[in-house]
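>>> Okay, sequence plus prediction incoming.
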Amino acid sequence: MPQIKKTEIILGIDPGFGRTGWGVIENSSGDWRAVAYGCIETSAEESFLERLEELHVELIKIIKKYQPTRAGVEDLFFAKNVKTALKVGQARGVILLTLRENGLSVDEYTPLQIKQTMTGYGRADKGQVERMVKLQFGIKNKIIPDDAADALAVAMTVASGLSFKKRLEKSL
């Protein structure tokens with residue numbers, strides 16, 4: 001009896017409280033393709049709590065629309081501005097909880113791991129990552145905003161990790 005292949009759909013998230021990039025990729029025939037990407041933007045006119053709530057609500061809409069099977073979130077890796085880092089950390093907490101509340105397995109990767117996966121070099125700049133994302137998914141135009149390109153890179157890093165895990169399981 002032939003094995004039915006399940007479509008894998010991954011939601012990648014580049015967290016923030018002003019702008020959170022998101023990208024959805026899927027694989028049903030062996031090749032990953034970008035399904036959709038964008039950015040959740042919250043207004044600086046709103047209170048911080050209102051912004052977190054909006055992030056939660058908008059992320060639920062994305063999950064319901066695209067039905068991902070798993071998710072990936074970029075881990076925090078900066079401390080230049082402690083106040084900003086704390087707020088992004090709180091937004092990241094909302095994101096992680098929203099993903100888990102919606103039944104998703106979540107993988108977390110540092111910016112270095114994402115850059116390494118996408119370019120082969122952990123210190124690559126944002127432009128190099130975006131070029132590789134565009135090449136990977138056959139996207140012709142600039143990905144705007146760049147948070148969306150970063151989110152697609154997160155999703156592809158999750159996909160790469162899945163591929164590695166499957167190869168490892170077969171060899172055992």
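On my side now, so go ahead.
>>> which stretches of this structure have low pLDDT?
1-5, 78-79, 164-172 (pLDDT under 70).
>>> residue boundaries of the strands in this protein?
Ranges of strands in the chain, per DSSP state E, are 8-14, 19-27, 32-41, 70-74, 105-109.
>>> Only C-alpha atoms, please: export the longest one in PDB.
If I follow you right, that is strand 32-41. Provided in PDB are the C-alpha atoms of strand 32-41 (Å, rounded to 0.1, in the frame of the first residue of the first chain):
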ATOM      1  CA  TRP A  32       9.500  23.800  -0.400                       C
ATOM      2  CA  ARG A  33       7.600  26.800  -1.700                       C
ATOM      3  CA  ALA A  34       6.600  30.100  -0.200                       C
ATOM      4  CA  VAL A  35       2.800  30.300   0.300                       C
ATOM      5  CA  ALA A  36       2.500  33.700   1.900                       C
ATOM      6  CA  TYR A  37       4.500  36.200   3.900                       C
ATOM      7  CA  GLY A  38       4.000  39.600   5.500                       C
ATOM      8  CA  CYS A  39       4.200  41.600   8.700                       C
ATOM      9  CA  ILE A  40       2.000  42.200  11.700                       C
ATOM     10  CA  GLU A  41       2.500  45.900  12.500                       C
END
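>>> follow-up on the earlier one: among the strands of the chain, single out whichever gets nearest to Ile139.
Ile139 lies closest to strand 32-41 among the strands of the chain, at 6.5 Å (Cβ to Cβ). Bear in mind the C-beta positions are built from the backbone N, C-alpha and C, glycine included.
>>> what angle separates that closest one from strand 8-14?
Angle between the axes of strand 32-41 and strand 8-14 is 40 degrees (criterion: axes from the mean of the first three to the mean of the last three Cα atoms, to 10 degrees).
>>> which residues of this structure fall in helices?
Listed in chain order, the helices of the chain (DSSP state H) span residues 48-66, 82-101, 111-119, 126-137, 146-171.
>>> can I get those in a markdown table with distance to Gly12?
Listed next are the helices of the chain as a markdown table, based on distance: least, Cβ to Cβ, whole Å:
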| stretch | distance to Gly12 |
| --- | --- |
| helix 48-66 | 11 |
| helix 82-101 | 11 |
| helix 111-119 | 9 |
| helix 126-137 | 10 |
| helix 146-171 | 3 |
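>>> closest to Gly18 out of these?
Nearest to Gly18, of these and by Cβ to Cβ, is helix 48-66 at 7.6 Å.
>>> for the closest one, packing partners?
Packed against helix 48-66 by the contact rule (3 or more Cβ pairs under 8 Å, 6 or more residues apart in numbering; DSSP states H and E) you find strand 8-14, strand 19-27, strand 32-41, helix 82-101.
>>> Same list (those) but as CSV, adding mean neighbour count and distance to Leu55.
As requested, those are exported to CSV (neighbours: other Cβ atoms under 10 Å; distance: least, Cβ to Cβ, whole Å):
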stretch, mean neighbour count, distance to Leu55
strand 8-14, 25, 10
strand 19-27, 24, 6
strand 32-41, 19, 6
helix 82-101, 16, 6
